[in-house]
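Trainee: Pasting the sequence and the predicted coordinates here, then a few questions.
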Amino acid sequence: MAIETFSKDKLRDVLVRSEQEGAALGHFNVADQTLLKAVVAAAADTKIPLLIGASEGERDFFGVRQLAALVKSIGQESDMPVFLNADHTHSLAKALEAARAGFDCVGIDFSALPFDQNVARTKEAVQAIKAVNPAILAEGEIGDIGTGSEIKEAVQGGKLSTPEEARQFVEATGIDILAPAVGNMHGMLESMVQGKTKKHLDIERIVQIKRAAGTFLTLHGGSGTEDEDFRKAVAAGINIIHINTELRVEWRRSLGESLARDPNEVVPYKILRPVVDSVRQVVSSRSRLFRGELVRPGAVASVA
Ligand SMILES: [Zn+2]
């Protein structure tokens, strides 16, 4: 079903190999085909595996089965190592919908509930999606890192995950991937968009959680994080890094620029092509950084 047709390698194998190579996979959210084209083009440019993510809101807008069908067709046309994740899934019904549509991974998110309820609901969803296809990876979330990949007035979240709750959560739920709160946050402050401030991660906590959990780890809310913190987080055991707000900021900026360039231009693909190229550069740059190929903004990158 899902993975065999999306890519020649299974997501679990790619994660294991990336970890051995000291790299993390980028996870880039898409809400429409312009963003999907940008992410796929970046995967083709860099030849670096990545995850395409879609939250419930993004899936509702795109269409769950329609997005899965497009990613499947991309996998059939090329050997591009792209995988599909159902990001932040808040119900059993939505988790099953994504699993049946052929997603490679389902991010189950009951982290807003008390710990015991988070455990119970996550475990139930893990068992349900594995019954659809045992190869689908299940991610679970603990801690509070705020909600929404948007520009924010103030810092959200703050309750960091502990190694002990990470261990308990993984053991009790059977998840393959854990998303802890380690100083990360969804969305960006305006000062982060301007590049004046950066997010910083609790690297020692990541080391301890990795040791306690013994699973793959995802870092949500990566947008606006200090490059050096990303590098240290990957070395500490982070396997997947989510970037969404940075793509949305670049999408809006480049769309505005493209529309303003010629007020009489009405051809959609002429307006949207520069948007695809702009977002593609952000994705490529992040993917390379997560593999340890540090690329300065504006630098011409060359990869082997
Ligand atoms: Zn997230």
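Mentor: Nice, I can see it.
Trainee: ok so N85 is a helix residue?
Mentor: No. Counting by DSSP: H, G, I helix; E, B strand; the rest coil, N85 is located in no helix; its state is strand.
Trainee: so what's it up against?
Mentor: Listed by C-beta atoms under 8 Å, 6 or more residues apart in numbering, the contact set of N85 reads H27, L51, I52, G53, A54, F103, D104, C105, V106, G107, E139. C-beta here means a position set from N, CA and C on the backbone, and glycine is covered the same way.
Trainee: Which two among these are spaced furthest apart?
Mentor: Taking C-beta to C-beta as the measure, the contacts of N85 span a maximum distance of 14.5 Å, between I52 and E139.
Trainee: If any of the contacts of N85 are buried, put those into a PyMOL selection.
Mentor: To isolate the buried ones among the contacts of N85 in PyMOL, judged by 16 or more other C-beta atoms under 10 Å, type:
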select buried, resi 27+51+52+53+54+103+104+105+106+107+139
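Trainee: Which ones among the contacts of N85 map onto strands?
Mentor: H27, L51, I52, G53, A54, C105, V106, G107, E139 (DSSP state E).
Trainee: which is the next helix or strand following the least confident helix or strand in the chain by mean pLDDT?
Mentor: The weakest-scoring helix or strand in the chain, judged by mean pLDDT, DSSP states H and E, is helix 2-6 (a mean of 41). Using DSSP states H and E, the next helix or strand after helix 2-6 towards the C-terminus is helix 11-20.
Trainee: What are the contacting residues of that next one?
Mentor: The contact list for helix 11-20 (C-beta under 8 Å, 6+ apart) reads 3, 7, 24-25, 49, 51, 81, 83, 104-105, 135, 137, 176, 216, 237, 239-240, 291.
Trainee: Would you indicate which residues of it are buried?
Mentor: Per 16+ other C-beta under 10 Å, helix 11-20 contains these buried residues: L11, R12, V14, L15, S18, E19.
Trainee: Just the closest of these to A68, please.
Mentor: Using C-beta to C-beta, the shortest approach to A68 within the buried residues of helix 11-20 belongs to L11, at 14.3 Å.
Trainee: Next, find the distance separating that closest one from N133.
Mentor: Distance, L11 to N133, using C-beta to C-beta, to the nearest Å: 12 Å.
Trainee: just G63 next, same as before
Mentor: Here G63 is placed at a distance of 20 Å from N133 (C-beta to C-beta).
Trainee: Also T89?
Mentor: Distance, T89 to N133, by C-beta to C-beta: 15 Å.
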